[in-house]
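Q: make a model of this:
(one chain, ligands or ions: 1)
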Amino acid sequence: MRLQFRPGIVLSCMALAVLAGCAHRRPAVAMEPTPVAHIVPLPGALQAAPGVLRISSAVAVEDAGAAPMARRALDELLAALHIASADAGTPLRLQRVDDPALGEEGYRLLVDDAIHLSARTDAGLLHAVQTLRQLLPARAGTDYRLPRLAITDVPAYRWRGLSLDVARSFLPVDYLERHIDRMALFKLNRLHLHLTDDQGWRIEIKRYPRLVEIGGASAVQGGRAGYYTQAQLRHLVAYAQARGVTLVPEIDMPGHVQAALASYNALACDDVANRGTYAGVEVGFSVLCLDKPEVVYPFVRDVLEEVAAIFPSNEIHIGGDEIRHPLYADFVARTAAMVDAMGRTPVVWEEGSVAAMKPTALVQLWNDGYAIEAAVARGHRLILSPCSYLYIDHGNRAGQPGADWCRAEGVPLARVYAFDPTPYRTAVGVEAALWSEFVHTDAAADARLWPRLAAVAEVAWSPATQRGYPGFVRRMAELRAHLDALGVHYYPEPDLGWGDAADTR
Ligand code: TNX
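A: Alright, predicted model coming up:
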(Lines give C-alpha, C1' and ligand atoms only; values in the text may rest on other atoms or scores of the structure.)
Protein backbone atom coordinates (compact mmCIF):
# COMPACT_ATOMS: atom_id res chain seq x y z
CA MET A 1 0.00 0.00 0.00
CA ARG A 2 1.34 3.45 -0.91
CA LEU A 3 1.46 6.07 1.82
CA GLN A 4 -0.80 9.01 1.12
CA PHE A 5 -0.45 12.55 2.34
CA ARG A 6 -3.10 13.02 5.05
CA PRO A 7 -3.33 16.70 6.11
CA GLY A 8 -5.44 15.82 9.17
CA ILE A 9 -2.56 13.92 10.74
CA VAL A 10 -0.08 16.70 10.14
CA LEU A 11 -2.42 19.27 11.70
CA SER A 12 -3.03 17.28 14.80
CA CYS A 13 0.73 16.71 15.16
CA MET A 14 1.24 20.45 14.97
CA ALA A 15 -1.41 20.99 17.61
CA LEU A 16 0.33 18.45 19.84
CA ALA A 17 3.65 20.22 19.32
CA VAL A 18 2.08 23.48 20.49
CA LEU A 19 0.69 21.79 23.57
CA ALA A 20 4.08 20.25 24.26
CA GLY A 21 5.59 23.70 23.98
CA CYS A 22 3.12 24.97 26.59
CA ALA A 23 4.21 22.19 28.87
CA HIS A 24 7.69 23.73 28.96
CA ARG A 25 6.26 26.62 30.97
CA ARG A 26 4.81 24.33 33.65
CA PRO A 27 6.70 24.06 36.97
CA ALA A 28 9.91 22.04 36.78
CA VAL A 29 8.67 19.24 39.02
CA ALA A 30 5.88 18.32 36.62
CA MET A 31 8.47 18.01 33.88
CA GLU A 32 10.15 15.06 35.59
CA PRO A 33 9.30 12.06 33.53
CA THR A 34 7.91 9.48 35.91
CA PRO A 35 9.95 6.33 35.35
CA VAL A 36 7.90 3.20 34.96
CA ALA A 37 8.30 0.91 37.96
CA HIS A 38 9.67 -2.13 36.18
CA ILE A 39 9.94 -4.69 38.92
CA VAL A 40 10.24 -8.48 38.54
CA PRO A 41 8.63 -10.31 40.25
CA LEU A 42 5.55 -8.11 40.05
CA PRO A 43 4.77 -6.64 43.49
CA GLY A 44 1.44 -7.54 45.08
CA ALA A 45 0.32 -3.91 45.43
CA LEU A 46 1.86 -0.81 43.92
CA GLN A 47 0.44 2.68 44.11
CA ALA A 48 2.21 5.32 42.08
CA ALA A 49 2.19 8.94 43.23
CA PRO A 50 3.01 11.88 40.98
CA GLY A 51 6.59 12.97 40.58
CA VAL A 52 9.95 11.59 41.46
CA LEU A 53 12.40 11.74 44.32
CA ARG A 54 15.84 12.88 43.26
CA ILE A 55 18.91 11.54 44.98
CA SER A 56 21.87 13.69 44.06
CA SER A 57 24.94 12.34 45.66
CA ALA A 58 24.17 10.91 49.07
CA VAL A 59 21.67 9.16 51.26
CA ALA A 60 21.40 9.22 55.05
CA VAL A 61 20.78 5.64 56.12
CA GLU A 62 19.03 4.85 59.39
CA ASP A 63 18.69 1.19 60.26
CA ALA A 64 19.01 0.83 64.04
CA GLY A 65 21.18 -2.24 63.41
CA ALA A 66 18.10 -4.41 63.00
CA ALA A 67 18.72 -5.87 59.57
CA PRO A 68 22.33 -6.91 58.88
CA MET A 69 21.50 -8.83 55.70
CA ALA A 70 19.49 -6.00 54.18
CA ARG A 71 22.07 -3.45 55.31
CA ARG A 72 24.89 -5.35 53.62
CA ALA A 73 22.89 -5.54 50.38
CA LEU A 74 22.05 -1.86 50.61
CA ASP A 75 25.67 -0.86 51.22
CA GLU A 76 26.72 -2.93 48.22
CA LEU A 77 24.04 -1.27 46.07
CA LEU A 78 25.04 2.23 47.16
CA ALA A 79 28.73 1.49 46.58
CA ALA A 80 28.02 0.13 43.08
CA LEU A 81 26.13 3.32 42.19
CA HIS A 82 28.70 5.58 43.89
CA ILE A 83 26.04 6.96 46.22
CA ALA A 84 27.65 8.15 49.43
CA SER A 85 26.24 7.97 52.94
CA ALA A 86 26.03 11.41 54.53
CA ASP A 87 23.82 12.96 57.18
CA ALA A 88 22.64 15.63 54.77
CA GLY A 89 21.65 13.08 52.10
CA THR A 90 18.20 11.83 51.13
CA PRO A 91 16.82 9.96 54.16
CA LEU A 92 16.67 6.19 53.70
CA ARG A 93 15.13 4.21 56.58
CA LEU A 94 15.25 0.48 57.15
CA GLN A 95 12.82 -0.47 59.84
CA ARG A 96 11.58 -3.66 61.45
CA VAL A 97 7.83 -3.45 62.04
CA ASP A 98 5.52 -5.83 63.82
CA ASP A 99 2.98 -6.27 61.04
CA PRO A 100 1.73 -9.87 60.76
CA ALA A 101 0.35 -9.18 57.27
CA LEU A 102 3.92 -9.07 55.97
CA GLY A 103 4.72 -12.65 57.02
CA GLU A 104 8.29 -13.93 56.99
CA GLU A 105 9.41 -12.27 53.76
CA GLY A 106 6.98 -9.46 52.89
CA TYR A 107 7.97 -5.79 52.93
CA ARG A 108 6.78 -2.29 52.26
CA LEU A 109 8.65 0.28 50.21
CA LEU A 110 7.49 3.86 50.32
CA VAL A 111 9.12 6.63 48.31
CA ASP A 112 7.96 10.13 49.25
CA ASP A 113 10.45 12.77 50.33
CA ALA A 114 12.44 9.93 51.79
CA ILE A 115 12.86 6.22 51.12
CA HIS A 116 11.21 3.97 53.70
CA LEU A 117 11.81 0.23 53.76
CA SER A 118 9.94 -1.79 56.34
CA ALA A 119 9.41 -5.47 57.08
CA ARG A 120 9.00 -7.85 59.99
CA THR A 121 12.25 -9.64 59.17
CA ASP A 122 15.70 -9.03 57.82
CA ALA A 123 14.74 -11.28 54.87
CA GLY A 124 11.77 -9.01 54.10
CA LEU A 125 13.98 -5.92 54.23
CA LEU A 126 16.46 -7.64 51.93
CA HIS A 127 13.67 -8.07 49.36
CA ALA A 128 12.82 -4.39 49.75
CA VAL A 129 16.45 -3.55 48.93
CA GLN A 130 16.25 -5.78 45.83
CA THR A 131 13.16 -3.87 44.67
CA LEU A 132 15.03 -0.61 45.22
CA ARG A 133 17.94 -2.07 43.24
CA GLN A 134 15.63 -2.75 40.29
CA LEU A 135 14.15 0.76 40.49
CA LEU A 136 17.60 2.31 40.26
CA PRO A 137 19.86 2.09 37.20
CA ALA A 138 22.15 -0.90 36.89
CA ARG A 139 25.27 1.24 36.59
CA ALA A 140 26.59 4.33 38.31
CA GLY A 141 25.43 7.70 37.00
CA THR A 142 25.46 11.19 38.45
CA ASP A 143 22.00 11.67 39.83
CA TYR A 144 19.15 9.31 40.38
CA ARG A 145 15.38 9.56 40.26
CA LEU A 146 13.01 7.24 42.01
CA PRO A 147 9.30 7.19 41.23
CA ARG A 148 7.20 8.20 44.21
CA LEU A 149 5.25 5.11 45.11
CA ALA A 150 4.03 2.80 47.81
CA ILE A 151 4.58 -0.93 47.51
CA THR A 152 3.29 -3.68 49.75
CA ASP A 153 4.65 -6.99 48.64
CA VAL A 154 4.31 -10.48 50.10
CA PRO A 155 5.33 -13.68 48.29
CA ALA A 156 2.70 -16.16 47.19
CA TYR A 157 5.00 -19.10 48.03
CA ARG A 158 7.73 -19.61 50.58
CA TRP A 159 9.76 -21.93 48.28
CA ARG A 160 11.00 -20.16 45.15
CA GLY A 161 13.80 -22.18 43.81
CA LEU A 162 16.13 -23.74 41.35
CA SER A 163 17.64 -27.20 41.31
CA LEU A 164 21.14 -27.20 39.83
CA ASP A 165 22.65 -30.48 38.66
CA VAL A 166 26.32 -30.11 39.50
CA ALA A 167 26.79 -33.90 39.35
CA ARG A 168 26.68 -34.58 35.61
CA SER A 169 28.79 -31.50 35.00
CA PHE A 170 30.43 -29.54 37.78
CA LEU A 171 29.93 -25.81 38.39
CA PRO A 172 32.74 -24.02 40.24
CA VAL A 173 32.26 -22.19 43.54
CA ASP A 174 32.71 -18.76 41.97
CA TYR A 175 29.89 -19.51 39.50
CA LEU A 176 27.59 -20.52 42.34
CA GLU A 177 28.41 -17.29 44.18
CA ARG A 178 27.55 -15.20 41.13
CA HIS A 179 24.44 -17.25 40.63
CA ILE A 180 23.27 -16.67 44.21
CA ASP A 181 23.63 -12.89 43.69
CA ARG A 182 21.44 -13.15 40.60
CA MET A 183 18.83 -15.24 42.35
CA ALA A 184 18.64 -12.67 45.15
CA LEU A 185 17.91 -9.87 42.66
CA PHE A 186 14.71 -11.74 41.72
CA LYS A 187 13.83 -12.77 45.31
CA LEU A 188 14.47 -16.46 44.64
CA ASN A 189 15.30 -18.16 47.93
CA ARG A 190 16.08 -21.88 47.50
CA LEU A 191 19.07 -23.31 45.68
CA HIS A 192 18.79 -27.09 45.56
CA LEU A 193 22.15 -28.68 44.74
CA HIS A 194 21.91 -32.07 43.04
CA LEU A 195 25.31 -33.15 44.39
CA THR A 196 25.51 -36.79 43.35
CA ASP A 197 24.53 -38.88 40.37
CA ASP A 198 25.87 -41.65 38.16
CA GLN A 199 28.39 -39.40 36.46
CA GLY A 200 29.89 -37.67 39.51
CA TRP A 201 30.02 -37.26 43.29
CA ARG A 202 30.64 -33.61 44.17
CA ILE A 203 30.59 -33.37 47.97
CA GLU A 204 33.57 -34.28 50.13
CA ILE A 205 32.60 -36.89 52.73
CA LYS A 206 35.44 -37.25 55.24
CA ARG A 207 34.60 -40.84 56.20
CA TYR A 208 34.59 -41.93 52.54
CA PRO A 209 37.42 -40.05 50.82
CA ARG A 210 37.27 -42.10 47.62
CA LEU A 211 33.83 -40.64 46.82
CA VAL A 212 35.54 -37.47 45.61
CA GLU A 213 38.87 -39.02 44.64
CA ILE A 214 37.14 -41.33 42.17
CA GLY A 215 33.54 -40.07 41.90
CA GLY A 216 34.67 -36.43 41.90
CA ALA A 217 37.08 -37.05 39.04
CA SER A 218 34.39 -38.25 36.64
CA ALA A 219 31.74 -36.36 34.67
CA VAL A 220 29.36 -36.78 31.80
CA GLN A 221 31.05 -36.90 28.41
CA GLY A 222 32.18 -33.37 27.54
CA GLY A 223 31.29 -32.10 31.02
CA ARG A 224 33.42 -30.87 33.90
CA ALA A 225 34.67 -33.01 36.77
CA GLY A 226 35.39 -31.61 40.22
CA TYR A 227 34.06 -31.51 43.74
CA TYR A 228 33.43 -29.17 46.64
CA THR A 229 35.41 -29.52 49.85
CA GLN A 230 33.42 -29.24 53.05
CA ALA A 231 35.10 -25.91 53.72
CA GLN A 232 33.97 -24.61 50.34
CA LEU A 233 30.42 -25.78 50.96
CA ARG A 234 30.37 -24.13 54.40
CA HIS A 235 31.54 -20.94 52.75
CA LEU A 236 28.78 -21.22 50.14
CA VAL A 237 26.14 -21.88 52.79
CA ALA A 238 27.15 -18.68 54.61
CA TYR A 239 27.42 -16.72 51.35
CA ALA A 240 23.92 -17.78 50.34
CA GLN A 241 22.47 -17.25 53.81
CA ALA A 242 23.71 -13.67 53.81
CA ARG A 243 21.75 -13.15 50.60
CA GLY A 244 18.51 -14.72 51.75
CA VAL A 245 19.10 -17.99 49.87
CA THR A 246 18.96 -21.41 51.52
CA LEU A 247 21.09 -24.16 50.01
CA VAL A 248 19.24 -27.48 49.98
CA PRO A 249 21.55 -30.48 49.46
CA GLU A 250 20.47 -33.58 47.55
CA ILE A 251 22.13 -36.98 47.81
CA ASP A 252 20.30 -38.99 45.16
CA MET A 253 19.61 -42.57 46.34
CA PRO A 254 19.10 -45.50 46.00
CA GLY A 255 19.46 -45.12 42.20
CA HIS A 256 21.68 -42.68 40.27
CA VAL A 257 24.68 -43.91 42.29
CA GLN A 258 27.25 -45.23 39.81
CA ALA A 259 29.87 -42.70 41.01
CA ALA A 260 29.46 -44.04 44.57
CA LEU A 261 29.60 -47.67 43.41
CA ALA A 262 32.76 -46.95 41.42
CA SER A 263 34.32 -45.35 44.51
CA TYR A 264 33.29 -48.11 46.93
CA ASN A 265 32.56 -51.34 45.06
CA ALA A 266 31.13 -52.95 48.20
CA LEU A 267 28.04 -50.73 47.84
CA ALA A 268 27.11 -52.67 44.68
CA CYS A 269 25.54 -56.12 44.74
CA ASP A 270 28.03 -58.90 44.22
CA ASP A 271 26.66 -59.82 40.79
CA VAL A 272 27.09 -56.31 39.37
CA ALA A 273 29.67 -56.33 36.60
CA ASN A 274 29.86 -52.59 35.95
CA ARG A 275 31.93 -51.09 38.78
CA GLY A 276 33.62 -48.29 36.90
CA THR A 277 32.79 -44.62 36.51
CA TYR A 278 30.17 -43.60 33.96
CA ALA A 279 30.12 -40.79 31.41
CA GLY A 280 26.95 -41.60 29.44
CA VAL A 281 23.50 -40.05 29.69
CA GLU A 282 21.34 -43.08 30.45
CA VAL A 283 19.38 -43.17 33.70
CA GLY A 284 17.96 -45.89 35.93
CA PHE A 285 20.71 -48.54 35.76
CA SER A 286 22.63 -48.23 39.04
CA VAL A 287 21.40 -48.97 42.57
CA LEU A 288 22.84 -49.31 46.06
CA CYS A 289 22.72 -53.00 46.98
CA LEU A 290 19.55 -53.00 49.05
CA ASP A 291 20.07 -56.70 49.75
CA LYS A 292 23.12 -55.73 51.84
CA PRO A 293 21.49 -53.47 54.46
CA GLU A 294 24.46 -53.94 56.78
CA VAL A 295 26.64 -52.21 54.17
CA VAL A 296 24.21 -49.70 52.70
CA TYR A 297 22.53 -48.16 55.76
CA PRO A 298 25.69 -47.32 57.72
CA PHE A 299 26.98 -45.66 54.54
CA VAL A 300 23.75 -43.69 54.05
CA ARG A 301 23.72 -42.61 57.69
CA ASP A 302 27.37 -41.54 57.69
CA VAL A 303 26.91 -39.53 54.51
CA LEU A 304 23.73 -37.84 55.70
CA GLU A 305 25.31 -36.96 59.03
CA GLU A 306 28.13 -35.13 57.28
CA VAL A 307 25.67 -33.48 54.91
CA ALA A 308 23.52 -32.30 57.82
CA ALA A 309 26.59 -30.94 59.59
CA ILE A 310 27.47 -28.79 56.56
CA PHE A 311 24.00 -27.63 55.50
CA PRO A 312 21.78 -26.03 58.17
CA SER A 313 18.71 -26.13 55.86
CA ASN A 314 15.50 -27.52 57.33
CA GLU A 315 15.20 -29.78 54.30
CA ILE A 316 17.51 -32.50 53.04
CA HIS A 317 16.71 -34.07 49.67
CA ILE A 318 17.29 -37.82 49.43
CA GLY A 319 16.45 -38.25 45.74
CA GLY A 320 14.53 -41.43 45.03
CA ASP A 321 13.94 -40.95 41.31
CA GLU A 322 13.98 -43.36 38.40
CA ILE A 323 14.69 -46.69 40.00
CA ARG A 324 12.64 -49.86 40.34
CA HIS A 325 13.51 -52.35 43.06
CA PRO A 326 11.44 -54.56 45.37
CA LEU A 327 13.00 -52.87 48.41
CA TYR A 328 12.70 -49.32 47.03
CA ALA A 329 9.83 -48.12 49.25
CA ASP A 330 11.52 -49.64 52.30
CA PHE A 331 14.75 -47.81 51.49
CA VAL A 332 13.01 -44.45 51.07
CA ALA A 333 11.05 -44.92 54.31
CA ARG A 334 14.19 -45.82 56.31
CA THR A 335 16.26 -43.02 54.82
CA ALA A 336 13.50 -40.44 55.31
CA ALA A 337 13.22 -41.59 58.94
CA MET A 338 16.96 -41.03 59.37
CA VAL A 339 16.59 -37.47 58.13
CA ASP A 340 13.66 -36.96 60.51
CA ALA A 341 15.73 -38.31 63.38
CA MET A 342 18.40 -35.70 62.56
CA GLY A 343 15.76 -33.05 63.12
CA ARG A 344 15.40 -32.23 59.43
CA THR A 345 12.65 -32.62 56.84
CA PRO A 346 13.21 -35.11 54.02
CA VAL A 347 12.41 -34.20 50.43
CA VAL A 348 11.90 -36.93 47.81
CA TRP A 349 11.22 -36.93 44.09
CA GLU A 350 7.60 -37.87 43.35
CA GLU A 351 8.22 -41.64 43.08
CA GLY A 352 9.35 -41.66 46.72
CA SER A 353 5.81 -40.80 47.79
CA VAL A 354 4.97 -44.53 47.72
CA ALA A 355 7.06 -44.94 50.88
CA ALA A 356 5.69 -44.71 54.41
CA MET A 357 6.96 -41.33 55.56
CA LYS A 358 5.80 -38.76 58.05
CA PRO A 359 3.34 -36.38 56.35
CA THR A 360 5.83 -33.57 56.87
CA ALA A 361 8.07 -35.05 54.13
CA LEU A 362 8.02 -32.88 51.02
CA VAL A 363 7.39 -34.45 47.63
CA GLN A 364 8.85 -32.91 44.49
CA LEU A 365 6.62 -33.33 41.45
CA TRP A 366 8.49 -33.58 38.14
CA ASN A 367 6.29 -35.43 35.62
CA ASP A 368 3.33 -33.20 34.74
CA GLY A 369 0.95 -36.15 34.69
CA TYR A 370 2.16 -37.99 37.81
CA ALA A 371 -0.79 -39.11 39.97
CA ILE A 372 0.14 -36.99 42.95
CA GLU A 373 -3.28 -37.09 44.65
CA ALA A 374 -2.39 -40.07 46.87
CA ALA A 375 0.65 -38.26 48.27
CA VAL A 376 -1.42 -35.12 48.83
CA ALA A 377 -4.11 -37.18 50.58
CA ARG A 378 -1.43 -38.48 52.97
CA GLY A 379 -0.60 -34.92 53.86
CA HIS A 380 2.60 -34.38 51.89
CA ARG A 381 3.17 -30.86 50.69
CA LEU A 382 4.58 -30.37 47.22
CA ILE A 383 7.47 -28.68 45.51
CA LEU A 384 6.29 -28.10 41.96
CA SER A 385 8.74 -28.84 39.13
CA PRO A 386 6.55 -30.15 36.30
CA CYS A 387 9.01 -30.81 33.50
CA SER A 388 7.02 -29.37 30.61
CA TYR A 389 7.09 -25.94 32.28
CA LEU A 390 10.13 -25.93 34.56
CA TYR A 391 12.81 -28.24 33.15
CA ILE A 392 15.09 -25.60 31.77
CA ASP A 393 17.68 -28.09 30.59
CA HIS A 394 15.19 -28.13 27.70
CA GLY A 395 15.66 -25.56 24.97
CA ASN A 396 14.67 -21.91 25.14
CA ARG A 397 13.15 -22.67 21.75
CA ALA A 398 12.36 -25.72 19.67
CA GLY A 399 15.44 -27.28 18.14
CA GLN A 400 17.97 -25.88 20.61
CA PRO A 401 20.43 -28.69 21.38
CA GLY A 402 19.92 -30.51 24.68
CA ALA A 403 17.23 -32.43 26.48
CA ASP A 404 13.82 -32.65 24.85
CA TRP A 405 12.32 -35.83 26.30
CA CYS A 406 9.62 -34.00 28.25
CA ARG A 407 8.64 -31.44 25.64
CA ALA A 408 9.91 -31.68 22.07
CA GLU A 409 9.17 -27.97 21.48
CA GLY A 410 11.45 -26.98 24.36
CA VAL A 411 10.38 -24.82 27.29
CA PRO A 412 10.33 -21.23 26.01
CA LEU A 413 10.06 -18.22 28.30
CA ALA A 414 6.33 -17.85 27.65
CA ARG A 415 5.79 -21.49 28.55
CA VAL A 416 7.61 -21.13 31.88
CA TYR A 417 5.56 -18.05 32.61
CA ALA A 418 2.32 -19.87 31.81
CA PHE A 419 2.74 -22.29 34.70
CA ASP A 420 -0.10 -21.87 37.19
CA PRO A 421 0.70 -23.36 40.59
CA THR A 422 -2.66 -22.48 42.14
CA PRO A 423 -4.47 -25.77 41.43
CA TYR A 424 -1.91 -27.53 43.65
CA ARG A 425 -3.47 -26.48 46.92
CA THR A 426 -0.75 -27.97 49.14
CA ALA A 427 2.27 -26.65 47.28
CA VAL A 428 5.02 -24.98 49.30
CA GLY A 429 6.33 -23.53 46.09
CA VAL A 430 7.92 -23.81 42.71
CA GLU A 431 11.36 -24.97 41.59
CA ALA A 432 12.89 -25.01 38.12
CA ALA A 433 15.52 -27.66 37.32
CA LEU A 434 18.70 -27.33 35.30
CA TRP A 435 20.07 -30.80 34.56
CA SER A 436 23.53 -30.79 33.08
CA GLU A 437 23.92 -33.75 30.75
CA PHE A 438 24.19 -31.22 27.91
CA VAL A 439 25.07 -28.05 29.80
CA HIS A 440 28.82 -28.02 30.37
CA THR A 441 30.04 -24.45 30.77
CA ASP A 442 29.18 -21.40 32.86
CA ALA A 443 27.97 -19.59 29.75
CA ALA A 444 25.76 -22.51 28.71
CA ALA A 445 24.25 -22.61 32.20
CA ASP A 446 23.60 -18.85 32.04
CA ALA A 447 21.82 -19.19 28.71
CA ARG A 448 19.56 -21.91 30.06
CA LEU A 449 18.86 -20.06 33.30
CA TRP A 450 18.26 -16.51 32.10
CA PRO A 451 15.85 -14.97 31.45
CA ARG A 452 13.69 -18.01 32.25
CA LEU A 453 14.53 -17.95 35.94
CA ALA A 454 13.03 -14.47 36.18
CA ALA A 455 9.73 -15.97 34.97
CA VAL A 456 10.03 -18.68 37.62
CA ALA A 457 10.51 -15.96 40.22
CA GLU A 458 7.33 -14.19 39.14
CA VAL A 459 5.30 -17.43 39.02
CA ALA A 460 6.40 -18.21 42.59
CA TRP A 461 6.17 -14.73 44.10
CA SER A 462 3.39 -12.76 42.43
CA PRO A 463 -0.36 -13.27 42.80
CA ALA A 464 -1.52 -15.47 39.91
CA THR A 465 -4.55 -13.24 39.37
CA GLN A 466 -2.47 -10.11 38.79
CA ARG A 467 0.43 -11.23 36.68
CA GLY A 468 0.39 -11.52 32.89
CA TYR A 469 2.95 -12.25 30.17
CA PRO A 470 2.72 -8.92 28.27
CA GLY A 471 3.40 -6.99 31.48
CA PHE A 472 6.21 -9.35 32.44
CA VAL A 473 7.78 -8.88 29.01
CA ARG A 474 7.63 -5.09 29.33
CA ARG A 475 9.13 -5.07 32.81
CA MET A 476 11.73 -7.74 32.13
CA ALA A 477 12.88 -6.10 28.91
CA GLU A 478 13.77 -3.04 31.02
CA LEU A 479 15.87 -5.11 33.41
CA ARG A 480 18.29 -6.22 30.73
CA ALA A 481 20.87 -3.69 31.90
CA HIS A 482 20.82 -5.29 35.34
CA LEU A 483 21.64 -8.70 33.86
CA ASP A 484 24.34 -7.08 31.73
CA ALA A 485 25.85 -5.41 34.79
CA LEU A 486 25.97 -8.81 36.48
CA GLY A 487 27.76 -10.31 33.47
CA VAL A 488 24.96 -12.79 32.69
CA HIS A 489 25.30 -14.60 29.34
CA TYR A 490 21.55 -14.80 28.94
CA TYR A 491 19.75 -16.39 26.04
CA PRO A 492 19.00 -13.67 23.44
CA GLU A 493 15.27 -13.99 23.99
CA PRO A 494 13.32 -12.55 21.04
CA ASP A 495 10.16 -12.01 23.12
CA LEU A 496 12.13 -9.48 25.18
CA GLY A 497 13.71 -7.83 22.17
CA TRP A 498 17.12 -9.21 23.17
CA GLY A 499 17.64 -11.04 19.89
CA ASP A 500 20.66 -8.87 19.09
CA ALA A 501 22.78 -10.40 21.88
CA ALA A 502 25.38 -13.02 21.08
CA ASP A 503 24.09 -16.55 21.58
CA THR A 504 26.85 -17.95 23.77
CA ARG A 505 25.65 -21.50 24.26
C1 TNX B 1 15.03 -36.75 34.63
S2 TNX B 1 13.87 -35.43 36.88
C3 TNX B 1 15.84 -36.91 35.74
C4 TNX B 1 17.26 -36.54 35.67
C5 TNX B 1 17.67 -36.14 34.28
C6 TNX B 1 16.59 -35.29 33.63
C7 TNX B 1 16.98 -34.79 32.26
C8 TNX B 1 14.52 -36.48 37.66
C9 TNX B 1 14.13 -36.57 39.03
N10 TNX B 1 15.40 -37.25 37.01
O11 TNX B 1 18.04 -37.59 36.14
O12 TNX B 1 18.85 -35.44 34.37
O13 TNX B 1 15.42 -36.04 33.54
O14 TNX B 1 16.05 -33.85 31.78
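Q: every contact and neighbour count from this point should use C-alpha atoms.
A: Fine.
Q: next SSE downstream of the helix or strand containing residue 179?
A: In the assignment (DSSP states H and E), residue 179 maps to helix 173-185. Proceeding N to C from helix 173-185, the next assigned helix or strand is strand 190-194, under DSSP H and E.
Q: got the angle for that following strand vs helix 173-185?
A: For strand 190-194 against helix 173-185, the angle between stretch directions is 150 degrees (axes from the mean of the first three to the mean of the last three CA atoms, to 10 degrees).
Q: tell me the helices and strands packed up against the next helix or strand after strand 190-194.
A: Note on strand 190-194: by DSSP H and E, the next helix or strand toward the C-terminus is strand 196-197. If contacts are counted by 3 or more CA pairs under 8 Å, 6 or more residues apart in numbering; DSSP states H and E, strand 196-197 sits against strand 246-253, helix 258-263.
Q: which residues touch the longest one?
A: Yep, that's strand 246-253 we're talking about. For strand 246-253, contacts defined as CA atoms under 8 Å, 6 or more residues apart in numbering pick out 189-197, 237, 240, 287-288, 307, 311, 313, 315-321.
Q: in the stretch 151-300 of the chain, what residue comes closest to the ligand?
A: The ligand sits closest to residue 283 of the stretch 151-300 of the chain, with a gap of 6.2 Å, by CA to the nearest ligand atom.
Q: let me redo that: the stretch 201-350 of the chain
A: Closest point on the stretch 201-350 of the chain to the ligand, by CA to the nearest ligand atom, is residue 321, at 4.9 Å.
Q: please name the residues that touch the nearest residue to residue 337 once chain neighbours are set aside.
A: Nearest residue to residue 337, sequence neighbours excluded (CA to CA, 6 or more residues apart in numbering): residue 357, at 7.1 Å. Taking CA under 8 Å, 6+ apart, we find residue 357 in contact with 333, 336, 337.
Q: in strands, which of those appear?
A: Counting by DSSP state E, no part of the contacts of residue 357 is found in strands.
Q: Serialize those residues to CSV and add fields for distance to residue 154, pLDDT and neighbour count.
A: Formatted as CSV, these follow (distance: CA to CA, whole Å; pLDDT from 0 to 100; neighbours: other CA atoms under 10 Å):
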residue, distance to residue 154, pLDDT, neighbour count
333, 35, 98, 17
336, 32, 98, 26
337, 34, 98, 19
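Q: ok so, going back, let me see the contact set for the residue of the stretch 201-350 of the chain closest to the ligand.
A: With CA under 8 Å, 6+ apart, residue 321 has these contacts: 252, 253, 255, 256, 348, 349, 350, 351, 352.
Q: what's the separation between it and residue 266?
A: Separation of residue 321 from residue 266 (CA to CA, to the nearest Å): 22 Å.
Q: count the neighbours of the closest residue to residue 154 other than its chain neighbours for me.
A: Nearest residue to residue 154, sequence neighbours excluded (CA to CA, 6+ apart): residue 106, at 4.0 Å. Per other CA atoms under 10 Å, the neighbour tally for residue 106 reads 25.
Q: and residue 277, by the same measure?
A: Residues near residue 277, counting by other CA under 10 Å: 23.
Q: equivalent analysis for residue 177, please.
A: Neighbours around residue 177, by other CA under 10 Å: 15.
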